[in-house]
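Chemist: task: produce atomic coordinates for the following.
(2 chains)
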Amino acid sequence: MGNKPLMAVRSLRKHFDAESKLFSKAKLLVHAVDEVSFDVEEGDSLGLVGESGCGKTTTGRVIVQLEKPTSGDILFRGKNIAEFSKSEQTNYHREVQMVFQDPYESLNPRMTVFEIITEPLNINGIGTRRQRVERARVFLHQVGISPAETFLSRYPHELSGGQRQRIAIARALVLEPVFLVADEPTSMLDVSVRTGVMELMLKLQEEYKMSYLYITHDLAVARYMCHRIAVMYLGKIVEAGETEDILLDAQHPYTRALLSAVSVPDPRIRRSQPRIKGGISKPINPPPECRFLERCPVATDYCRQNPHPPPVEINEGHLVSCYEATGGV
Amino acid sequence: MPVLSVKNLVMHYRTKEGYVRAVDGVSFDVGTGEVLGIVGESGCGKTSISMAILRLLPENAEFRGGQVFFNDGNETVDLVGLADSAMQKYRWKGISMIFQSAMNSLNPVYRIGDQILEAMKRHYPEISREAARKRVEELFRLVGLDPKRVKQYPHQYSGGMKQRAVIAMALACDPRLVIADEPTTALDVIVQDRIMRELKRIQRDLDMSMIYISHDIAVIAEVSDSVAIMYAGKLVELADTATIFDRPKHPYTNGLMNAFPSVVGKKRRLCTIPGEPPDLLNPPSGCRFATRCSYADDQCKKADPEFRALEEGHYVACFYPVEREKSLEEITESGE
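Modeler: Predicted coordinates for the structure are as follows:
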């Protein structure tokens, strides 16, 4: 296979119909994901970071085929997933899994832990019952739930939030996927429990050589979890690069604003005020110019007269979509 | 004379299974113009404390001891003993509250301006309509809302704007003390940062006292003058902010400090606090953190450590206060 990335997203678009005004003829489209491209290599983790409504979750859902893309391609091991045969499709659903944000909603309340974890095995017809029990046990142990026996027959309501999320992770892992989309898996959890789940995900990634697409609004979490970070704003990736490059050498004005908006657990540090205007809007029939234009503190006439800036590589692997930052004026 | 002085407050919820010991012997003071940050995880009782102070409690809540002394500028009263009607006098005017989810604390069918007006009229019945309207506009400007928006309904506001409106409402009657319960938690980072700064600015300008409740120690580090760490219905540590962050003494505080990733400084390995918080229906005897604490011994499991002063103004409930674990391993690039 050479150096093809495990997962390659190319010019991905996902548009939704917006609620149109009554009797209005104009069709309103939310450009939730607009021309998004990125690669995730084997064993790599990419953090998709942005505020609510930026399209990060939709991107993840398109990858696991919970949504159909409007246009664009997703290449898995170099092959377009839209052209998969039936067996390739089945295989894809085995190898690519998702962990959802809310462990209170993502587990079926009528199923026991055993049923939840082994359901993917049943669907794929893997193993005998005895083997499934064994596998469920192994994975419960892997996600730090022990003694496994006492949990197998419990229902989700008998578990705490942290335990539920661990079960959700076990369910995603039981087919031993190579690619995991994790959508804010720790944002609903309490601090003292959250770190445990984060550490668990890092450990499992290493052990199973998995790749992650880690979706989060929290740059500090993305820094801790990911090799690379892509920052999204209103459906577009505005900056992407190695994690420490993004943190120490952010070039896009939006990334800078996001970074300076994060509180720091040190009372001696006085953060500067983020430089950003106005509030976030929705990308409904967005104009062709830079998506960040209205809120940008450094926008020039050039930005106002030209289309959304293309990504420019300013350093190895560090891409920025901004005329000002890349000197493309 | 502190504005608020909570003394050994005990408040339990009666349930079918028994009493949930949500607030179990909590003491702290809030001085004039001071911001006290209360940190804790969900279910630790931090919201129950604020509800107990304002006496906005559900039917099944029972005070089982303690006092809440409030100084309204003239006299000091114990709010716990007050009749409901007498309590009315202190809500909004004396102590007001910014609730956790602003989205849901506004009435969707009334104009925002009218909702604030209503709160005001109730406490200042003599105020003229015109004066009240002026005051609402003034409040709007204070919290950074366009006064033209007073006639709009909640659905016309964004999340951040609703939160501002809720803050405006809390300030409407010039309270001496504002309790802000996770006021920015549901908001996006940039909006969160703005609201936090605004709230801090207003608090400083008006020299208001404030209790700021959050699960996020980073936010607390930035807004508070002093910090109380709460765990399973009890305070485990209390000190001024610099002391808490420089020299945390309780193992739980230490655990929290090492559980948060940061965007600044070197990347460090986080520490996990093993286990989960106890069930407050049947809390363990002795120290409630003992089951998760690496320093705990038999004594910790038997006896409940007293909340005592280690030094002037620094209180800890622990038999074996620890030095800050600064040994957090740095994650070097080569290790990636």
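Chemist: surely residue A:62 touches residue A:69?
Modeler: Yes: Residue A:62 is within contact range of residue A:69, at 5.1 Å (criterion: Cβ atoms under 8 Å). Every C-beta, even on glycine, is put in place using the N, C-alpha and C of the backbone.
Chemist: shared neighbours, these two?
Modeler: Taking Cβ atoms under 8 Å, 6 or more residues apart in numbering or on different chains as the criterion, residue A:62 and residue A:69 both touch A:12, A:14, A:33.
Chemist: which other residues reach the longest helix belonging to chain A?
Modeler: Scanning chain A for the helix with the most residues, using DSSP state H, yields helix A:191-208. Under the contact criterion Cβ under 8 Å, 6+ apart, helix A:191-208 has outside partners A:43, A:45, A:142-144, A:160-162, A:165-166, A:169, A:173, A:176, A:180, A:182, A:185-186, A:189, A:210, A:212, A:221, A:224-225, B:41, B:215-217, B:255-256, B:259-260, B:270-274, B:276-277, B:292.
Chemist: now which of those would you call buried?
Modeler: A:45, A:142-144, A:160-162, A:165-166, A:169, A:173, A:180, A:182, A:185-186, A:189, A:210, A:212, A:221, A:224-225, B:41, B:215-217, B:255-256, B:259-260, B:270-273, B:276-277, B:292 (16 or more other Cβ atoms under 10 Å in any protein chain shown).
Chemist: avg pLDDT for the longest helix of chain A?
Modeler: In this model, helix A:191-208 carries a mean pLDDT of 89.
Chemist: which strands and helices sit next to whichever helix in chain B runs longest?
Modeler: Counting by DSSP H, the longest helix found in chain B is helix B:189-206. Here helix B:189-206 touches helix A:253-261, helix B:159-171, helix B:217-223, going by 3 or more Cβ pairs under 8 Å, 6 or more residues apart in numbering or on different chains; DSSP states H and E.
Chemist: so it versus helix B:159-171, what angle?
Modeler: On the basis of axes from the mean of the first three to the mean of the last three Cα atoms, to 10 degrees, helix B:189-206 is oriented at 20 degrees to helix B:159-171.
Chemist: where does pLDDT dip in the stretch 201-336 of chain B?
Modeler: B:324-336 (pLDDT under 70).
Chemist: so which residues of the stretch 1-150 of chain A form helices?
Modeler: A:56-63, A:86-95, A:113-123, A:129-142, A:148-152 (DSSP state H, counting those that start in this stretch).
Chemist: chain center to the longest helix of chain B, what's the gap?
Modeler: 15 Å (Cα atoms, centre = their mean, to the nearest Å).
Chemist: and if you look at stretch A:242-255?
Modeler: 18 Å.
Chemist: ok, that stretch near chain B or not?
Modeler: Yes: for stretch A:242-255, a contact with chain B is found by Cβ under 8 Å from any Cβ of the partner chain, at A:244, A:247.
Chemist: just the strands in chain A please.
Modeler: Using DSSP state E, the strands of chain A run over A:7-17, A:29-40, A:45-49, A:71-76, A:79-80, A:96-99, A:179-183, A:211-216, A:228-233, A:236-242, A:312-315, A:318-320.
Chemist: Throw the ones you listed into CSV and include mean pLDDT, thanks.
Modeler: Compiled in CSV, these are given as follows (pLDDT from 0 to 100):
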stretch, mean pLDDT
strand A:7-17, 95
strand A:29-40, 94
strand A:45-49, 97
strand A:71-76, 96
strand A:79-80, 96
strand A:96-99, 95
strand A:179-183, 96
strand A:211-216, 96
strand A:228-233, 97
strand A:236-242, 97
strand A:312-315, 94
strand A:318-320, 97
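Chemist: distance to residue B:316 for those strands - can I get that in CSV?
Modeler: Output for the strands of chain A, formatted as CSV (distance: least, Cβ to Cβ, whole Å):
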stretch, distance to residue B:316
strand A:7-17, 50
strand A:29-40, 46
strand A:45-49, 37
strand A:71-76, 54
strand A:79-80, 60
strand A:96-99, 38
strand A:179-183, 37
strand A:211-216, 34
strand A:228-233, 39
strand A:236-242, 42
strand A:312-315, 48
strand A:318-320, 46
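Chemist: can you count the residues close to the nearest residue to residue A:4 once chain neighbours are set aside?
Modeler: Computed as Cβ to Cβ, 6 or more residues apart in numbering or on different chains, the closest residue to residue A:4 that is not its neighbour in sequence is residue A:78, at 3.9 Å. If you count neighbours by other Cβ atoms under 10 Å in any protein chain shown, residue A:78 ends up with 12.
Chemist: then residue A:14?
Modeler: Neighbour tally, residue A:14, other Cβ under 10 Å: 22.
Chemist: over to residue A:37?
Modeler: So residue A:37, with other Cβ under 10 Å, has 16 neighbours.
Chemist: surely it and residue A:11 touch.
Modeler: Yes: assessed by Cβ under 8 Å, residue A:37 is found in contact with residue A:11 at 5.7 Å.
Chemist: for the residue most central in space within chain A, give the beta-bridge partners.
Modeler: What sits nearest the mean C-alpha location of chain A, by Cα atoms, centre = their mean, is residue A:215, with 2.7 Å. Under DSSP bridges, the beta-bridge partners of residue A:215 are residue A:48, residue A:183.
Chemist: host element of the residue nearest to the spatial centre of chain B?
Modeler: When Cα atoms, centre = their mean is applied to chain B, the residue found nearest the centroid is residue B:213 (2.2 Å). Assigned by DSSP states H and E, residue B:213 belongs to strand B:209-214.
Chemist: and that strand, how far from the chain's centre?
Modeler: Worked out by Cα atoms, centre = their mean, strand B:209-214 lies 4 Å from the chain centre.
Chemist: next, the buried residues of it.
Modeler: In strand B:209-214, counting by 16+ other Cβ under 10 Å, buried: B:209, B:210, B:211, B:212, B:213, B:214.
Chemist: still on that earlier bit, so which of the helices and strands packed on helix B:189-206 comes closest to residue A:28?
Modeler: helix B:159-171 (21.3 Å; Cβ to Cβ).
Chemist: show me what that closest one is packed up against.
Modeler: strand B:95-98, helix B:102-105, helix B:112-123, helix B:129-142, strand B:177-181, helix B:189-206.
Chemist: near chain B, which residues of the stretch 51-200 of chain A are found?
Modeler: Going by Cβ under 8 Å from any Cβ, the residues of the stretch 51-200 of chain A near chain B are A:51-52, A:160, A:162-163, A:190-196, A:198-199.
Chemist: one more pass at 10 Å, please.
Modeler: Applying Cβ under 10 Å from any Cβ of the partner chain, we find that the stretch 51-200 of chain A lies next to chain B at A:51-54, A:144, A:160-163, A:188-200.
Chemist: pull the contacting residues for residue 94.
Modeler: Going with chain A. The contact partners of residue A:94, by Cβ atoms under 10 Å, 6 or more residues apart in numbering or on different chains, come to A:120, A:123, A:124, A:126, A:175, A:176, A:177, A:178.
Chemist: not quite, I wanted chain B
Modeler: So residue B:94 contacts B:3-4, B:54, B:70-73, B:77, B:79, B:87, B:123, B:173-177 (Cβ under 10 Å, 6+ apart).
Chemist: take these and keep only those in strands.
Modeler: Using DSSP E, the contacts of residue B:94 in strands are B:4, B:70, B:71, B:77, B:177.
Chemist: follow-up on the earlier one: which of the residues of the stretch 51-200 of chain A next to chain B count as buried?
Modeler: Judged by 16+ other Cβ under 10 Å, buried ones among those: A:51, A:53-54, A:144, A:160-163, A:188-200.
Chemist: counting neighbours, what do you get for residue 205?
Modeler: This is for chain A. 19.
Chemist: can you look at chain B instead?
Modeler: Residue B:205: 9 neighbours (other Cβ under 10 Å).
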